[in-house]
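Enquirer: no sequence for this one, just the structure:
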């Protein structure tokens, strides 16, 4: 009985293994031939269908014009925003409840107002510079803080006084043989914020390059932050008036120079502002360079006790911008370097700028200290 059971278990095991091998065994030759025939027929049918479709002419598709309307630029458009449908209102009602506007109008950039530099202005202070181009004497330039005009309404917050800054530049040397020019400018700035109030620039020319005008007077009124009124007169016969919106940080040339002089920037620190030169709007970018070597040091600076380690330098660029504050790539960008002292006097020792004729350089030649009775500008 036991031997029969053993033979039965062995036979059952062999049968199961044999059944598995038969299930995985290769098909018969007749089945292979049938499968090959079916596959070849299908491939031939696909090739013939493709050749016929390529030879057949394509149907002409009629053009459909885009019937969508371009949004108006005068007002922003409402854009739908996908969000979970959990609000009590849905559809257009939900979109109108929380509209998302796409403002396509170009606006003037909202620049920060530069900090006040009035603390560096002292009544009676005057700077005189020697001007040279490519090492050749070219003229003389001077700038000074002339007077303080109190506001008849009183001190802040009832009113705010004004400080007057005057400048003058004349040509000499080889340049005057070709063309003679005298450029004067008078600027009034707010005694509290340093914002320009008004400026008058007069240019008198003679010699070569006077075909357009010989005398030009440009009067600029800064009517608050971001708005100016310009009256430009050439030879007292042709007058042009212009009103313009400008960035809030716009300065005139004299206030810009005073602002750069008062900057106390760390090495690599950057600041920027805008400058209105006549009717041209420029962007002024300044970066601090820390201690610098000015060789040779102006003799007047040595006489005033300035040491080489007291000199600090800032670098900057002047770029033309359009009415939206975007830098114009079709105009040249000017680079300059300014050297000042680190003490409270903030003496402006030299200014260098690159021109197509060479390096234009202003070096301090004379310095008049502030008046003894008005040493510090009014707040």
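Expert: Arrived safely, thanks for sending. Values in this document were obtained by computation on a predicted structure and should not be read as measured data.
Enquirer: Please make it C-alpha for all contacts and neighbour counts, starting now.
Expert: Will do.
Enquirer: Check the offset of stretch 197-215 from the chain's centre.
Expert: Relative to its chain's centre, stretch 197-215 lies at 30 Å (C-alpha atoms, centre = their mean, to the nearest Å).
Enquirer: in that stretch, what's buried?
Expert: For stretch 197-215, burial by neighbour count (16 or more other C-alpha atoms under 10 Å) applies to 197-206, 213-215.
Enquirer: Kindly report the same for stretch 141-149.
Expert: Using 16+ other C-alpha under 10 Å as the test for burial, stretch 141-149 gives 141-148.
Enquirer: end-to-end on stretch 215-229?
Expert: End-to-end distance for stretch 215-229: 20 Å, by C-alpha to C-alpha, to the nearest Å.
Enquirer: what separates that stretch from the chain centre, distance-wise?
Expert: 23 Å.
Enquirer: Could you number the chain from 46 rather than 1 from now on?
Expert: In the new count, where the first residue is 46, that last one comes out as stretch 260-274.
Enquirer: if we look at it, which residues are touching it?
Expert: 241-250, 275-281, 286-295, 323 (C-alpha atoms under 8 Å, 6 or more residues apart in numbering).
Enquirer: Quick one: low-confidence residue ranges for the stretch 146-295 of the chain.
Expert: For the stretch 146-295 of the chain, applying pLDDT under 70 flags the ranges 146-150, 254.
Enquirer: Now do the strands for it: every range, in order, please.
Expert: For the stretch 146-295 of the chain, the strands defined by DSSP state E, counting those that start in this stretch occupy 171-178, 181-194, 207-216, 224-235, 241-252, 260-267, 272-279, 283-290, 295-296.
Enquirer: Among these, single out whichever gets nearest to residue 92.
Expert: Checking the strands of the stretch 146-295 of the chain against residue 92 by C-alpha to C-alpha gives strand 283-290 as the closest, at 71.4 Å.
Enquirer: how far off strand 272-279 does the closest one point, in degrees?
Expert: Angle, strand 283-290 to strand 272-279, by axes from the mean of the first three to the mean of the last three C-alpha atoms, to 10 degrees: 170 degrees.
Enquirer: can you list contacts of strand 283-290?
Expert: So strand 283-290 is contacted by 271-278, 368 (C-alpha under 8 Å, 6+ apart).
Enquirer: Over to stretch 229-249?
Expert: Applying C-alpha under 8 Å, 6+ apart, the external contacts of stretch 229-249 come out as 160-163, 205-214, 226-228, 259-269, 296-297, 299-300, 323, 422-424.
Enquirer: what about it, distance to the chain center?
Expert: Per C-alpha atoms, centre = their mean, the centroid offset for stretch 229-249 relative to its chain is 25 Å.
Enquirer: How about stretch 286-306, which residues are buried there?
Expert: Residues of stretch 286-306 classed as buried: 291-301, 303-306 (neighbour count, 16+ other C-alpha under 10 Å).
Enquirer: what's the answer for stretch 308-322, then?
Expert: Neighbour-count burial for stretch 308-322 flags 308-310, 317-321 (criterion: 16+ other C-alpha under 10 Å).
Enquirer: now swap in stretch 383-402 and tell me
Expert: Neighbour counts using 16+ other C-alpha under 10 Å place 383-387, 391-399 of stretch 383-402 among the buried residues.
Enquirer: Straight-line length of it, end to end?
Expert: End to end - C-alpha to C-alpha - stretch 383-402 spans 19 Å.
Enquirer: Likewise for stretch 200-215?
Expert: 38 Å.
Enquirer: So what touches that stretch?
Expert: Residues from elsewhere that reach stretch 200-215, judged by C-alpha under 8 Å, 6+ apart: 184-199, 225-237, 299, 422-423.
Enquirer: Pick out the most distant pair among the buried residues of stretch 383-402.
Expert: Farthest pair in the buried residues of stretch 383-402, by C-alpha to C-alpha: 387 and 399, 24.8 Å.
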